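Colleague: My questions are about this predicted structure, shown below with the sequence.
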Amino acid sequence: MATRRSFLKRGLLGGLFAGTSSSSFIQRFVPRPVNKPIVISTWQHGLPANAAAWEILSKGGRALDAVEAGVRVPEADPSVTSVGYGGFPDRDGHVTLDACIMDETGNCGSVAFLQHIKHPISVARLVMEKTPHVMLTGDGALEFALQQGFEKENLLTPESEAAWREWLKTAPANVKAEINVENHDTIGMLALDAQGNLSGACTTSGAAWKLHGRVGDSPIIGAGLFVDNEVGGATATGWGEAVIRVAGSHLVVELMRQGHSPEEACRLAVERVISKNPDYREIQVGFLALNKYGEYGSYCIQPGFDYAVYDQSGNRMIKASSRL
């Protein structure tokens, strides 16, 4: 015979399951272990970046400090020709940098079209912490950086200049910048610290040979990066215009909020990109995501995208699943 207590229990469970799958219910209401601390980042240059971030995370440090320290590594590495110092210039020979950062409280900072400053990610953090704004651009961003003590430098290395001059010999008449599955642009990084808090960072010199003044998705909160401490974080890589059109990283986080795993959320976001870009076979877009439990995943249009993961199991590369 059913008791009043069992009746109420069935009613409660029925209400919880109403409109949701059992797997979604489990993800939201059943406790499960958390893989923390952990840091993930895009591309092979994510390995040394992760190592710098892990130095902070493994000692109980804050995720925000970890992601800033991590992406500063490729920003300062002249061999990484799509981030910071040594980045390929625009069509006019100018190295212009974009970056953004976001913490566990939703605070964020960004710089775009910044020249002459090696570490745009650190300028972005100061925009977040020392101004009432989210984004500074161009000469205003440079002036702010200099006021904060950053040094003005020439970021165009001889190697990048030589590559630009070689490109000029056969420069296409149209304005579409080069993009392909081997164009390892951007570093996006996400971290979950020992306290269970998330932060993210994204920094790039943008698409090689772009029009002077072009800004991609990397400094745009919700496009190149988004973090929600209740759910998870996401970052993007590839052709920024396509990412912007769907507010890609925000979309991934919202899909995780609905109960999708990080990889599935990235896959669904890629499908959205494809639906909005008929030329999707000619571009690359990939998403990388980390949820509140330290679970991670990625998905991209073209094969070739890989990402770095550093947790208690060590630092390693993982190949992303792809649509094509």
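Modeller: Yep, that arrived. None of these values were measured; they are calculated from a predicted model.

Colleague: could you point out which element follows the helix or strand hosting Gly188?
Modeller: Assessed by DSSP states H and E, Gly188 sits inside strand 187-192. Using DSSP H and E, the helix or strand that follows strand 187-192 in sequence is strand 198-204.

Colleague: one step back: please find the angle between the direction vectors of the strand holding Gly188 and strand 198-204.
Modeller: Going by axes from the mean of the first three to the mean of the last three CA atoms, to 10 degrees, strand 187-192 is angled at 170 degrees with respect to strand 198-204.

Colleague: The residue nearest in space to the middle of the chain: what's it in contact with?
Modeller: The centroid of the chain falls nearest to Thr235 when counting by CA atoms, centre = their mean (2.6 Å). By CB atoms under 8 Å, 6 or more residues apart in numbering, the residues touching Thr235 are Thr42, Gly188, Met189, Leu190, Gly200, Cys202, Gly224, Leu225, Ser249, Phe287, Leu288, Ala289. (Each C-beta comes from the backbone N, C-alpha and C, glycine too.)

Colleague: neighbours of the residue nearest to Trp54 when sequence neighbours are not counted, just the number please.
Modeller: The shortest distance from Trp54 to any non-neighbouring residue, by CB to CB, 6 or more residues apart in numbering, is to Tyr310 (4.8 Å). Tyr310 has 26 neighbours, counted by other CB atoms under 10 Å.

Colleague: from the contacts of Thr235, which is closest to His260?
Modeller: Ala289 (9.4 Å; CB to CB).

Colleague: Tell me which helix or strand that closest one sits in.
Modeller: Using DSSP H and E, Ala289 sits in strand 285-291.

Colleague: Tell me, how many residues neighbour Gln147?
Modeller: When neighbours are counted by other CB under 10 Å, Gln147 registers 10.

Colleague: distance of it from Asn277?
Modeller: To Asn277, Gln147 is 40 Å away according to CB to CB, to the nearest Å.

Colleague: Which residues are in contact with Ser73?
Modeller: Ser isn't right for residue 73; it's Val. His45, Pro48, Ala49, Ala51, Ala52.

Colleague: And the last one, how close does it get to Ala162?
Modeller: Here Ala52 is placed at a distance of 29 Å from Ala162 (CB to CB).

Colleague: between the two, who's got more neighbours?
Modeller: Ranked by neighbour count (other CB under 10 Å), Ala52 and Ala162 place Ala52 first, with 20 against 10.

Colleague: Am I right that that one is in a helix?
Modeller: Yes. Checked against DSSP: H, G, I helix; E, B strand; the rest coil, Ala52 lies within a helix.

Colleague: quick one: the helices in the stretch 151-300 of the chain?
Modeller: 158-169, 240-245, 248-257, 262-276 (DSSP state H, counting those that start in this stretch).

Colleague: quick one: the last one to strand 285-291, angle?
Modeller: If I follow you right, that is helix 262-276. 150 degrees.

Colleague: Run the angle between helix 262-276 and helix 248-257 for me.
Modeller: Using the same axes, to 10 degrees: helix 262-276 against helix 248-257 is 130 degrees.

Colleague: what mean pLDDT would you report for helix 262-276?
Modeller: For helix 262-276, mean pLDDT is 98.

Colleague: likewise the first one?
Modeller: When pLDDT is averaged along helix 158-169, the result is 95.

Colleague: likewise the second one?
Modeller: Per-residue pLDDT values over helix 240-245 give a mean of 96.

Colleague: ok, now stretch 185-205?
Modeller: On average, stretch 185-205 scores 96.

Colleague: just checking, Ala124 touches Asp103?
Modeller: No. If you go by CB atoms under 8 Å, Ala124 and Asp103 don't touch, sitting 11.5 Å apart.

Colleague: Among these two, which residue is more densely surrounded?
Modeller: Ala124 (32 against 23).

Colleague: right, so the helices of the stretch 151-300 of the chain: which one is the most enclosed?
Modeller: Using mean count of other CB atoms under 10 Å, the stretch among those with the largest mean neighbour count is helix 248-257, at a mean of 25.

Colleague: pLDDT weak spots in this structure?
Modeller: 1-30, 173-184 (pLDDT under 70).

Colleague: all strands for the stretch 101-250 of the chain, in order.
Modeller: With DSSP state E, counting those that start in this stretch, the ranges of strands along the stretch 101-250 of the chain come out as 108-114, 135-137, 187-192, 198-204, 225-228, 232-238.
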